[in-house]
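Trainee: give me a model of this one.
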Amino acid sequence: MIEAGDVGMRGRVAAMWRALMARPGLTFLLLYLLSLCACLALGLIHEFRSSPLQLDADEREYYELASQAMQGAIPPSARRTLGFPLLLAGIRSLHDDILFVQIIVCALYALSAPLLFLLVRKIGGSNAAGTVAGAVLGVWPPAVFYGSSLYSETVAAPLFLLVLLALPVGRSSGSTCWRWSMLLSGALLGLLAHVRPMYLLFLPFLATIMWIEHRTLRPALRGFALVLLGFLLPVLPWSIAQTQQFRHPILLTANGGETLAGGLNPNLLQGSLPMTTPSGRKTWAGPGKWIPIHESGYLSREELKLPYDRQDEMLRERASHWAMDNPGEAAWIELRKIGYMWGIYPLAQNGSLQLWFGNLPTMILLALTLWCFVVARGPQAKLVRLWALPLFTVAVALISWGSWRFRQPGDVGLIAFCAIGLVRHVQARRPESRADA
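Mentor: Numbering: from 1, shown residues only. A predicted model of the protein is given here:
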């Protein structure tokens, strides 16, 4: 009787799974609700702040810029783009309550899981693989943590997935639809760069992805030219205004020097110092992390009074010179950036909560990725827009620092890559199973 009951239960579950796989619209909705519930649960139980004073540094800066935008008094700045602060200002114009803002931002971030489902299906993965990828992302601890925050990653994640979704797959067709899709992908990337300027660095990776997917250089270049044109449509007006304001060329921001100097700095070699954020979260400072301008040691007191864009230029020059004069120490810092980004170190310095829900899941994901490359072999070239994403995040870390925030697109790519590999492996071991099971 027990065995018969078990068989009956498995049959009902299998039937429900097949029905779900046959209705991608329902799958999209369920994945959205899963992600939304996970983010709201963490936010309401632990992460949501009751006052702007409890926000971490970057979150608070975004919130204050939104306040200035609501008052129509944003001062000219070469340091920040305004994409995310303007979005916060729009939400706050509906109801200026910090809890309301955090809930709405959660609702926007929750689109990431179902969008990953669509992306996996688009690049040749099955409905099952897309569902697994979306479900894992929906409850992935680092993603849920940032999804319930007021960091710009909350909006950057779904917008980045839209960029990859709009990008046509495979060989160039040259059709009108193909050209418009390329332009749309580029325009979305331009909007994304206004939210997170680090995605400007994704352009060369995008060109490489298109080259590998198209298999030949000429159609890839033709497509990338359209993507670049689309990218410039939302970026060029801002660039012209910033260039006129500060009287030297600025594409998005002039914070490259600050970014480089904060993560490539001899003061980081003094050791790991424990710290606590305004929200009460444990953190630390040391190799692999980042320090602000006034603590970098690259500028004198008099130079700290100079205009920001001038400081940034000096920081870039001095950080580069220090790295060239001290290649061993610079390489050690760069190595620690990568180690920190991927959860390899430190394992316990941020507390047991981050160890169990951050470091260990990340290392398991890395091990599973390696297994998928070696054991669950498949047409990896077709999945280049997934496995290229962690390489992109490593490049960001080398230029900046090993923030887990910067790793967000890498996690998305690896989760999707592993989901496809695992489903293919299961299907290969069960040839009688349905193609979409």
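Trainee: neighbouring contacts of stretch 354-366?
Mentor: For stretch 354-366, contacts defined as C-beta atoms under 8 Å, 6 or more residues apart in numbering pick out 140-142, 145, 282, 342-344, 347-348, 350, 404, 411, 414-415, 418. All C-beta atoms are positioned from the backbone trio N, CA, C, and that covers glycine.
Trainee: what's near enough to touch G230?
Mentor: So G230 contacts 182-190 (C-beta under 8 Å, 6+ apart).
Trainee: give me the number of residues near A220?
Mentor: 20 (other C-beta atoms under 10 Å).
Trainee: coming back round to it: ChimeraX command to pick out the buried ones of the contacts of stretch 354-366?
Mentor: A single ChimeraX command selects the buried members of the contacts of stretch 354-366 (16 or more other C-beta atoms under 10 Å):
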select :140,141,142,145,342,343,344,350,404,411,414,415,418
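Trainee: how about the contacts of stretch 354-366, which pair is most distant?
Mentor: Farthest pair in the contacts of stretch 354-366 (C-beta to C-beta) is K282 and C418. Separation: 29.2 Å.
Trainee: you'd agree Q349 is up against P274?
Mentor: Yes: using C-beta atoms under 8 Å, Q349 is in contact with P274, at 7.1 Å.
Trainee: more neighbours: the two, which one.
Mentor: Counted by other C-beta under 10 Å, Q349 and P274 do not tie: Q349 has more neighbours, with 16 against 11.
Trainee: what about the more buried one, is that helix, strand or coil?
Mentor: coil (DSSP: H, G, I helix; E, B strand; the rest coil).
Trainee: so who does F117 touch?
Mentor: Contacts for F117 (C-beta under 8 Å, 6+ apart) come out as 24, 27-28, 31, 130-131, 133-134.
Trainee: and for Q270, the neighbour number?
Mentor: Neighbours of Q270 using other C-beta under 10 Å come to 11.
Trainee: and for M275?
Mentor: 11.
Trainee: ok, now the one 10 residues further on?
Mentor: For A285, the neighbour count with other C-beta under 10 Å is 17.
Trainee: that one contacts M275, correct?
Mentor: Yes: A285 is in contact with M275 according to C-beta under 8 Å; the separation is 5.9 Å.
Trainee: just the ones in strands from the contacts of stretch 354-366, please.
Mentor: Among these, the subset assigned to strands under DSSP state E consists of K282.
Trainee: of the contacts of stretch 354-366, which belong to helices?
Mentor: 141-142, 145, 411, 414-415, 418 (DSSP state H).
Trainee: in JSON lines, list these along with distance to F205 and pLDDT.
Mentor: As requested, the ones in helices among the contacts of stretch 354-366 are exported to JSON lines (distance: C-beta to C-beta, whole Å; pLDDT from 0 to 100):
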{"residue": "P141", "distance to F205": "26", "pLDDT": "96"}
{"residue": "P142", "distance to F205": "21", "pLDDT": "95"}
{"residue": "F145", "distance to F205": "25", "pLDDT": "95"}
{"residue": "D411", "distance to F205": "16", "pLDDT": "98"}
{"residue": "L414", "distance to F205": "15", "pLDDT": "97"}
{"residue": "I415", "distance to F205": "18", "pLDDT": "97"}
{"residue": "C418", "distance to F205": "20", "pLDDT": "95"}
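Trainee: would you list these in TSV and tack on distance to T259?
Mentor: What follows is the ones in helices among the contacts of stretch 354-366, written out as TSV (distance: C-beta to C-beta, whole Å):
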residue	distance to T259
P141	27
P142	21
F145	23
D411	21
L414	24
I415	27
C418	30
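Trainee: can you give the distance of stretch 346-355 from its chain's centre?
Mentor: 22 Å (C-alpha atoms, centre = their mean, to the nearest Å).
Trainee: what of stretch 69-80?
Mentor: 25 Å.
Trainee: export only the CA atoms of it, formatted as PDB.
Mentor: What follows is stretch 69-80, C-alpha atoms only, in PDB (Å, rounded to 0.1, in the frame of the first residue of the first chain):
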ATOM      1  CA  ALA A  69      15.700  65.500  -7.200                       C
ATOM      2  CA  MET A  70      12.300  65.800  -5.600                       C
ATOM      3  CA  GLN A  71      13.200  69.300  -4.600                       C
ATOM      4  CA  GLY A  72      14.600  70.100  -8.100                       C
ATOM      5  CA  ALA A  73      18.000  70.900  -6.600                       C
ATOM      6  CA  ILE A  74      20.500  68.200  -7.700                       C
ATOM      7  CA  PRO A  75      24.000  69.800  -7.800                       C
ATOM      8  CA  PRO A  76      26.200  69.100 -10.900                       C
ATOM      9  CA  SER A  77      28.300  66.000 -10.200                       C
ATOM     10  CA  ALA A  78      30.900  64.000 -12.200                       C
ATOM     11  CA  ARG A  79      30.700  61.200  -9.700                       C
ATOM     12  CA  ARG A  80      27.200  59.700 -10.000                       C
END
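Trainee: now the common contact residues for Q349 and P274.
Mentor: 282, 284.
Trainee: hey, where'd the helices end up in the stretch 251-400 of the chain?
Mentor: In the stretch 251-400 of the chain, the segments counted as helices under DSSP state H, counting those that start in this stretch are 256-263, 293-296, 308-325, 327-341, 352-354, 360-374, 384-399.
Trainee: before we move on, the earlier item: inside helices: which ones of the contacts of F117?
Mentor: Checked against DSSP H, those include these in helices: 24, 27-28, 31, 130-131, 133-134.
Trainee: out of the residues you listed, which is nearest to C372?
Mentor: So of the ones in helices among the contacts of F117, ranked by how close each gets to C372 (C-beta to C-beta), first place is A133, at 12.3 Å.
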